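Q: compute the structure for the input listed below.
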Amino acid sequence: MTGDGIFFVLVGPSGAGKNTLIERVREFTPDMTQVPTMTTRGRRGNEQEGREHRFVTRERFQQAIDNGELVEWQRVHNDDLYGTPRDVVETAVALGTDLIADIEFLGAEKLREAFPQHTVLAFVTPSDLRILADRIMQRGDITPEELAGRLNRARFEMTFAPECKYLVINDTREAAAEALRGIVATERSQRHNQAIDPAERVPAHRIDATCTAVIQRGDDLLLRDGKLPQFRLNPHGARFDLAARDHLESLLGTPLEVIGPQDDRFDYPAPSYVTVTGAAPHFSLNYYYRFIFPAGDQSTPLGWEWAPLSSVQLPDMLSELVTS
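A: The predicted model follows:
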């Protein structure tokens, strides 16, 4: 079994419940090791040093960077730093020990690049992003500004879902834990030749991504065939790229301004809102991107129509953003 270790990486926004799922998974797979990621943030609640994290000073974290002790590291919430210890991963993979961890999505990309044959990415999210706000607030000690920052970041993180092998909907803990248990059992059976009931085998998930263009001019939205225009994104296109905007501008014959969360760590805007539908193994994610049509351009492109905001059905949170 040497060299057959699997690194199960749970990716997803803050409040998705990743660490809770890790605890549940380890109850039925006690031989799986949780990777204690290194972080500069303070310890929370029931966290233990060396279990979920290695809590260090910024000086010690910088030393780890300089010494090449981390496979990856990222700046996340409130400028807190997180990183994955290289020694833990390399030793476990070599010995055939399975690992599991909650890793920020940019870090998950680097882990997959470093250990492509051993990394299994599972994206964890509730079906409705409003659940995230409730869960984050339940932790306490968070300001409205911090909450807004985490929710904006969640929209960036949601764009990574189509790049993961699996998607776990965590609306209820028991259902999500059972889904993750099936994923772990399937991957272990394939890698370690462990027996598994064929009925419990989980195929790789199909995660389709579409973009709904919310094109606004004042109090009106631009429709095509009576609906908000929608088009399919390529597997990596959920991270909005210029091709999507170029496509719309070509159709409309006018430049568009993208309105969405911005962050200096990313070279693309986040969607204004995301919906998740479906069930394993087939999920659909719809990314709503908001565009501003030039105010001075009073034209109506051929085949399109302007409709008042009040007459267009939008998800509640998106409606609030568009009318604010």
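
Q: hang on, residue 108 packs against residue 11?
A: Yes - look at residue 108 against residue 11 with C-beta atoms under 8 Å: they come within range, at 4.8 Å. In short, each C-beta sits where N, CA and C put it, glycine included.

Q: who touches both of those two?
A: Taking C-beta atoms under 8 Å, 6 or more residues apart in numbering as the contact rule, residue 108 and residue 11 both touch 121, 160.

Q: which parts of stretch 212-225 are buried?
A: Going by neighbour count (16 or more other C-beta atoms under 10 Å), the buried part of stretch 212-225 is 212-217, 220-224.

Q: in the stretch 51-200 of the chain, which spans are helices?
A: 58-66, 86-95, 105-114, 130-139, 144-158, 173-192 (DSSP state H, counting those that start in this stretch).

Q: can you tell me which of those is packed in deepest?
A: Mean neighbour count (mean count of other C-beta atoms under 10 Å) peaks for helix 105-114 among the helices of the stretch 51-200 of the chain, with a mean of 20.

Q: may I have that helix exported as CSV, CA atoms only?
A: Extracted C-alpha coordinates of helix 105-114, given in CSV (Å, rounded to 0.1, in the frame of the first residue of the first chain):
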residue,chain,number,x,y,z
PHE,A,105,-9.8,26.8,-2.4
LEU,A,106,-6.7,28.5,-3.8
GLY,A,107,-4.7,26.2,-1.5
ALA,A,108,-6.6,23.2,-2.7
GLU,A,109,-5.5,24.0,-6.3
LYS,A,110,-1.9,24.0,-5.3
LEU,A,111,-2.3,20.7,-3.4
ARG,A,112,-3.8,19.1,-6.4
GLU,A,113,-0.9,20.3,-8.5
ALA,A,114,1.6,19.0,-6.0
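
Q: what angle separates it from helix 144-158?
A: Computed by axes from the mean of the first three to the mean of the last three C-alpha atoms, to 10 degrees, the angle separating helix 105-114 from helix 144-158 equals 30 degrees.

Q: what comes into contact with helix 105-114?
A: 7, 9, 11-12, 71-74, 82-84, 89, 103, 119, 121, 157, 160, 163, 265.
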